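# Provided below are the primary sequence and the corresponding predicted coordinates.
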Protein chains: 2
Amino acid sequence: MTNSFMPPRRTLMGPGPSDVHPRVLSALARPTIGHLDPAFVDMMEDVKRLLRYVFRTQNKLTIPISAPGSAGMETCFVNLVEPGDTVVVCQNGAFGGRMKENVERCGGTLVMVENAWGEAIELEAVEAALKKHPGAKALAFVHAETSTGVQSDAAALCELARTHDCLSIVDAVTSVAGIPVEVDAWGADAVYSGTQKCLSCPPGLSPITLSDRAVEAIRARTSKVSSWFLDLNLVMGYWDGDGGRAYHHTAPINALYGLHEALLMVEEEGLENAWARHAKMHAALRAGLEAMGLAFQVDPQHRLPQLNAVKVPEGVDEAEVRRRCLADYDLEVGAGLGGLAGKIWRIGLMGQSACTNNVLLCLSALETILVDMQANVNKGVAIAAAHEALG
Amino acid sequence: MTNSFMPPRRTLMGPGPSDVHPRVLSALARPTIGHLDPAFVDMMEDVKRLLRYVFRTQNKLTIPISAPGSAGMETCFVNLVEPGDTVVVCQNGAFGGRMKENVERCGGTLVMVENAWGEAIELEAVEAALKKHPGAKALAFVHAETSTGVQSDAAALCELARTHDCLSIVDAVTSVAGIPVEVDAWGADAVYSGTQKCLSCPPGLSPITLSDRAVEAIRARTSKVSSWFLDLNLVMGYWDGDGGRAYHHTAPINALYGLHEALLMVEEEGLENAWARHAKMHAALRAGLEAMGLAFQVDPQHRLPQLNAVKVPEGVDEAEVRRRCLADYDLEVGAGLGGLAGKIWRIGLMGQSACTNNVLLCLSALETILVDMQANVNKGVAIAAAHEALG
């Protein structure tokens, strides 16, 4: 016989999931009720309102998709891209590559604008691509690249899309609640996120928001959406209050209890305060790492506070460092992806993980392990530097 | 400010979700760890083994899809059906209609075999269709139609598929752990289920199992799977132990804790005992309902024990009965769908909901409400009849 699974108690400082607050964990364990129960339907209204709050939008179509972030991405593409549509995709990391896959599978015509991994998306190149392809249906880009820790200029990119009369599709998986995401101010059209990053909820749901312009584009489709499960025409029938709820699929009830509680916690803290906390914890971590002599992969003006890509010092076995973090400190730190595999660590400061204790634990653990491995780092200075940055 | 959501405490006797045991609820609330954490990877192995147990299969590819049952259905279709493939779809209720939608969206050529809602799939008609379309790629059918409470002969249908050299796609959403599902004995090729029915787990995951023959068909595809999220070539890279785990999407960690615990509970009870319990509780409910003078929609040999389609007596406002069940007894009972809307109630006895107390509560509530509404039912006999059937 197998035993019940008792997970170890980790501190999560990888690229997500982030630490989940006991309030959210305990919400998950509340009794399951029906997905058409009037009490549940009321809760769905709260969730929509709270999602509008974190996305900074008035968009009516603002809901959580009943599957992880990659399904949120797919929802935007399969609903907005019809076979033959031209889509300009910006790639500067792993998730831009996934957008490319999505466009191909939708039968779209792909125009790639590529930047090196670790660099921000270059606006001039995007503008040139849009000028060269005047009939493009959409411009797709990643606001916060989880694979590299780079932030791109979402406001400017959305404006370029508007100027060239195409829809913007924005990956905000890692950005929502960690740095400003301003869906309405940007004029963004389709934005998706995940729950397991700066919202500090377990993975499994993908909040999305679509502008009226995007909804019109879906309504104007001449072909059926290739996915039944992600067809927003049908999903809206369940999440939209007008004229009762039509059964589409069975919503993940308990996961939605968790999201509701996690969103409440963001609202209680205040979104601006959450952004400031992420910035402050990043400053402290950075001060400690730099005091130790470690360097960042990304230049300062494009760094995400919540995802720190830190260069592995020469000669250090990076996987062994992560293995020891986990074994000795129950601390999860992320590996590099793609071309950056083996070259960087990804240290997350997302949601509940963006706190003083995590910063101090991470610095202490890294210093101890690196010194023990005889890496070339400065000893005994990281914690003081972090404390100074914390003020 | 919005408050935390405290769900009412319901008894769930609709078409799913079913009652979730406190052990499973409490598993959901265990601390979140990473989806590549070695401890989590070990748990994934347990989940695969336990799913093989409930599906009665040795299929290597037996995993939970990270989204509700309808995504499990879509996974089978998008992976197995390529544009131009002929698929014979049997429809005798709502979910056969959803299979039809899936085939259309995959670009498949559809051959429908239709039976009336509430009747089982007729084997002769299926055989005729397979003979008429000798190159058909797949035969798709619903084992346990949740919309009507009908069971079809899965063993015979899978055999017909084998005989005509096509793959079988089987909807076992409501059947797994409630009545015998024998994937290997049937020779079924692609079978999907849900967690919120007889497994008594919250909704949100979809267990699937694919035969080696089905896996070969996926490997032999000449076109890419239209969905990136549900592409089993990629999903297998994460769930398959050979040579390490490749990141695909972030697995819904806490939901998987819940599924692990729910599957353990089925294993502890024993699958055969769970089937027997469902049959016994159905017999008790039936005895009580029939004593009251209520009738079933489905003929006895095709009735599902876990989903009872009960005819609404002449002149009774069925929605008002359900409303009062919920308001006065915190009891959820399901409505009819499609052509049976307004004509039947769907009373679920699934998983943890298949227990004596639920049967008695349901009979008591229905009797009290129907008598109060002056419906033509026999008074004071249902509970004794149920007790007699319980023995």
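Happy to help now that I have it. Numbering: from 1, shown residues only, chains lettered A, B, ... in the order given.

# How is chain A divided into domains?
Recorded structural domains for chain A (assignment: automatic domain parsing) are A:21-268, A:271-390.

# Comparing those, which comes out most buried?
Across the domains of chain A, averaging neighbours per residue (mean count of other CB atoms under 10 Å in any protein chain shown) puts domain A:21-268 on top, at a mean of 22. All C-beta atoms are positioned from the backbone trio N, CA, C, and that covers glycine.

# and that one, average pLDDT?
In this model, domain A:21-268 carries a mean pLDDT of 96.

# quick one on the thing from earlier: how about TSV for the domains of chain A, with distance to B:T146 added?
Putting the domains of chain A into TSV (distance: least, CB to CB, whole Å) gives the following:
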stretch	distance to B:T146
domain A:21-268	10
domain A:271-390	37
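
# Of all these, which one comes closest to B:L210?
Comparing the domains of chain A by their distance to B:L210 (CB to CB), the top pick is domain A:21-268, with 18.2 Å.

# List the contacts of A:Y53.
Applying CB atoms under 8 Å, 6 or more residues apart in numbering or on different chains to A:Y53 gives the contacts A:263, A:266-267, A:271.

# ok, now A:N3?
When contacts are counted by CB under 8 Å, 6+ apart, A:N3 is found next to B:L264.

# SS state for it?
Classification of A:N3 by DSSP: H, G, I helix; E, B strand; the rest coil places it in coil.

# what's the distance between it and B:A27?
From A:N3 over to B:A27 the distance is 12 Å, taken as CB to CB, to the nearest Å.

# What is the nearest of the contacts of A:Y53 to chain B?
The shortest approach to chain B among the contacts of A:Y53 belongs to A:E267, at 7.0 Å (CB to the nearest CB).

# Tell me the secondary structure at that closest one.
Using three-state DSSP, the secondary structure recorded for A:E267 is helix.

# right, and it touches A:L50 too?
Yes - taking contacts as CB atoms under 8 Å, A:E267 lies within contact range of A:L50: 6.1 Å.

# Next, show the common contact partners of those two.
Jointly contacting A:E267 and A:L50 under the rule CB under 8 Å, 6+ apart are B:T2.

# sorry, back to before: between the contacts of A:Y53, which sits nearest A:M44?
Ranked by distance to A:M44 (CB to CB), the contacts of A:Y53 are led by A:L263 at 12.2 Å.

# Give the other helices and strands that whichever helix or strand that closest one is part of contacts.
Element membership of A:L263 [criterion: DSSP states H and E] is helix A:253-269. Identification of packing neighbours for helix A:253-269 by 3 or more CB pairs under 8 Å, 6 or more residues apart in numbering or on different chains; DSSP states H and E yields helix A:22-28, helix A:38-55, helix B:253-269.

# Kindly recompute the last result at 7 Å.
Under the contact criterion of 3 or more CB pairs under 7 Å, 6 or more residues apart in numbering or on different chains; DSSP states H and E, the helices and strands touching helix A:253-269 comprise helix A:22-28, helix A:38-55.

# Work out for me the element A:V113 sits within.
Secondary structure here is read from DSSP H and E; on that basis A:V113 sits in strand A:109-114.

# about what we covered before: relative to A:V113, which of the helices and strands packed on helix A:253-269 is closest?
The closest approach between A:V113 and any of those, judged by CB to CB, belongs to helix A:38-55 at 24.9 Å.

# ok, whichever helix or strand comes after the closest one: who's next to it in the sheet?
Scanning forward in sequence from helix A:38-55 by DSSP H and E, the next helix or strand is strand A:61-65. The pairing partners recorded for strand A:61-65 under DSSP bridges are strand A:206-210 (antiparallel).

# dump the residue contacts of A:G194.
A:G194 sits next to A:16, A:68-69, A:72, A:173, A:203, A:206 when contact means CB atoms under 7 Å, 6 or more residues apart in numbering or on different chains.

# By proximity to chain B, which residue of the stretch 251-391 of chain A wins?
Taking CB to the nearest CB, the stretch 251-391 of chain A has A:P252 as its residue nearest chain B, at 3.2 Å.

# ok, now how distant is the residue nearest to that residue when sequence neighbours are not counted from B:Q151?
Leaving aside its sequence neighbours, A:P252 sits nearest to B:G204 (CB to CB, 6 or more residues apart in numbering or on different chains; 3.2 Å). Here B:G204 is placed at a distance of 25 Å from B:Q151 (CB to CB).

# Please apply the same query to A:C355.
The spacing between A:C355 and B:Q151, counted by CB to CB, is 54 Å.

# likewise A:D372?
Distance of A:D372 to B:Q151, computed by CB to CB: 63 Å.

# Make sure A:A29 is actually in contact with B:A29.
Yes - using CB atoms under 7 Å, A:A29 makes contact with B:A29 at a distance of 3.8 Å.

# give me phi/psi at A:R324?
In terms of degrees, to the nearest 10, the main-chain angles of A:R324 are phi -70, psi -30.

# For the longest helix anywhere in chain A, what is the distance to the chain centroid?
The helix spanning the most residues in chain A, taking DSSP state H as the definition, is helix A:271-292. Here the centre of mass of C-alpha atoms in helix A:271-292, compared against the chain's by CA atoms, centre = their mean, to the nearest Å, lies 18 Å away.
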